[in-house]
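In: using only what follows, build the 3D model:
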Amino acid sequence: MKLNNNYKYSFLGLTLVGLLGMSVTVVGANAGEVGSLPTVLKLEEALELSLELSQEMAAARTRLEMVKKEGDAVGLWKNPDLKFEAENIGGDRDSFSEGEYTIGLKQEFQLGGKRKKQRAVAIKSVEIYDQELSEIKRKLFFLTRKAFLEIVYLQETGKIQMEQEELGRAFVEVAKRRHKAGGGSELEVVQAELELETVLFSQTCCLGELIAAKQNLIALIGFTVETLPELTAPYYELAPLKEITLDNSHPTLQRLIATSEKAEAEALLAKAQDVSNISLGAGYKYEAEDDSDSFVITAAIPLGFNKRGRIEHEAGLLRSDAALRERDATYRRFQAELAAEGAMYAGSKAQAEMGRDVLIPKAEKAYVLSQEGYESGRFSWLELIAAQQRLAGIRMSYIEALRDAHLARIKILKINNEETK
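Out: So this is what the prediction gives:
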């Protein structure tokens with residue numbers, strides 16, 4: 001009996017072709033059967049969909065627009081007060097002929113550069129929310145890439161399991177025929193059935209993981225399990241990485257810097273509050289008794305006995321320093337994560353390449369030789385099954401190494417500048 005390793009199977013509505021092709025096609029259940037819905041979905045398109053459908057992104061954009069609107073009102077002049085006074089009218093008098101009337105405008109002037117400092121605080125608030133929006137985008141892209149990768153990985157795993165099932169059924173049939181003809185033992189039949197049931201058991205576990213992975217992706221990009229389009233991704237290609245260095249433009253680092261600068265600006269504003277504002281007024285006064293009028297000027301300035309601004313200034317500087325320390329700690333954490341993921345990527349890539357170039361070809365050759373040896377009577381049934389299991393295990397390890405490399409890469413992309421990758 002000679003078995004062919006290259007199969008074309010349909011698994012849960014997903015077409016999987018070839019043993020070691022350089023790209024993979026994963027087709028969602030019932031894809032192409034629903035109206036005008038797309039039948040193929042690339043990773044880049046999934047990323048765009050995740051941005052469009054994310055309520056977290058929508059909320060972040062709303063907050064950004066809110067602080068921008070609030071910033072437009074910061075630092076504007078206060079409206080002047082219109083003042084009117086009337087004296088010596090009413091009471092025991094018969095008329096208003098002896099009254100005094102004053103009308104004027106009063107304007108408060110903020111001293112100590114308060115308006116400029118208020119605008120500085122508002123600008124930093126916009127920067128903080130702008131960086132928060134970029135942080136959410138990176139997190140969303142990471143989750144989408146991860147969910148996309150998990151589906152493709154599970155589908156490739158399912159392909160091997162389907163091949164194993166087909167081979168297992170063939171082994172069972174051969175073992176039964178040999179036993180019936182008197183050329184094989186009952187142990188061979190039991191062993192073949194056990195291997196087939198083991199494969200079926202693994203498929204059950206894989207199916208649950210696949211459904212869960214699809215739900216994760218659907219939650220990010222919409223669709224349903226039934227309408228999820230075909231996913232295309234170069235799973236067997238490992239894109240080269242540029243030099244793995246931490247980019248200071250990372251939004252988390254920039255947000256913490258902006259937080260520090262905002263706290264410093266608030267500290268300066270608090271200090272400026274100790275400088276008293278001055279209110280100047282000008283108006284017109286009319287005295288009915290003398291039938292005379294005059295121009296009136298007023299000035300008012302509060303007495304600043306309590307200097308709260310100095311204490312608030314010191315507290316603001318402490319908040320600024322704390323934000324900078326948090327930024328430094330985050331920077332070091334990102335550096336450690338990049339180093340770890342870079343090592344993981346290099347190791348997994350080397351392992352995948354060794355599996356593809358060395359282990360799989362040798363395992364395939366060993367399996368072919370075991371088939372030939374079994375047919376000629378030189379090898380036992382158990383040796384044939386062992387060779388087939390070894391090939392399947394190496395292929396599974398190859399696919400897992402690719403997954404680990406892809407996962408390390410998307411973790412690196414999350415930390416490095418997303419727009420340049």
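In: C-alpha from now on. contacts and neighbour counts both.
Out: Noted.
In: show the contacting residues for Q351.
Out: Neighbouring residues of Q351 by Cα atoms under 8 Å, 6 or more residues apart in numbering: Y398, A401.
In: same thing with the one 10 residues further on?
Out: Residues in contact with P361 (Cα under 8 Å, 6+ apart): none are found.
In: tell me how far it lies from A336.
Out: Using Cα to Cα, to the nearest Å, P361 is found at 37 Å from A336.
In: one more: N88?
Out: From N88 over to A336 (counting by Cα to Cα), the distance is 81 Å.
In: S185 versus the nearest residue to E186 once chain neighbours are set aside, what's the distance?
Out: In this structure, E186 finds its nearest non-sequential neighbour in H179, 6.4 Å apart by Cα to Cα, 6 or more residues apart in numbering. Computed as Cα to Cα, the H179 to S185 distance reads 5 Å.
In: what's the overlap in contacts for these two?
Out: Contacts common to H179 and S185, judged by Cα under 8 Å, 6+ apart, are absent.
In: what's the helix or strand for F201?
Out: Secondary structure from DSSP states H and E places F201 in helix 186-221.
In: and that helix, average pLDDT?
Out: Mean per-residue pLDDT for helix 186-221: 79.
In: isn't L391 up against K365?
Out: No: applying Cα atoms under 8 Å as the test, L391 and K365 come out as separate, 9.4 Å apart.
In: can I assume T245 sits in a strand?
Out: No: read with DSSP: H, G, I helix; E, B strand; the rest coil, T245 is coil and lies in no strand.
In: neighbours of it, how many?
Out: Neighbourhood size, T245 [other Cα atoms under 10 Å]: 15.
In: any figure for the gap between it and A120?
Out: 32 Å.
In: for the longest helix along the chain, name the packing helices and strands.
Out: Looking across the chain with DSSP state H, the single longest helix is helix 114-181. For helix 114-181, the elements it packs on are strand 8-11, strand 14-17, strand 24-26, helix 43-53, helix 55-73, helix 186-221, helix 251-272, helix 381-415, judged by 3 or more Cα pairs under 8 Å, 6 or more residues apart in numbering; DSSP states H and E.
In: nearest residue to the residue nearest the centre of the chain in space, please, no chain neighbours.
Out: In the chain, the centroid-proximal residue (Cα atoms, centre = their mean) is K139; its distance is 1.3 Å. Leaving out its chain neighbours, the residue that sits closest to K139 by Cα to Cα, 6+ apart is K414, at 7.0 Å.
In: so the one you found makes contact with K137?
Out: No: the criterion here is Cα under 8 Å, and K414 misses it with K137 at 9.6 Å.
In: could you name every residue contacting both of the two?
Out: By Cα under 8 Å, 6+ apart, no residue touches both K414 and K137.
In: returning to what we had before: buried ones in the helix holding F201?
Out: Of the residues in helix 186-221, 188-189, 191-193, 195-196, 199-200, 203, 206-207, 210, 213-218, 220-221 count as buried by neighbour count, 16 or more other Cα atoms under 10 Å.
In: what's the answer for stretch 236-252, then?
Out: Buried positions in stretch 236-252, judged by neighbour count with 16+ other Cα under 10 Å: Y236, L238, L246, H250, P251, T252.
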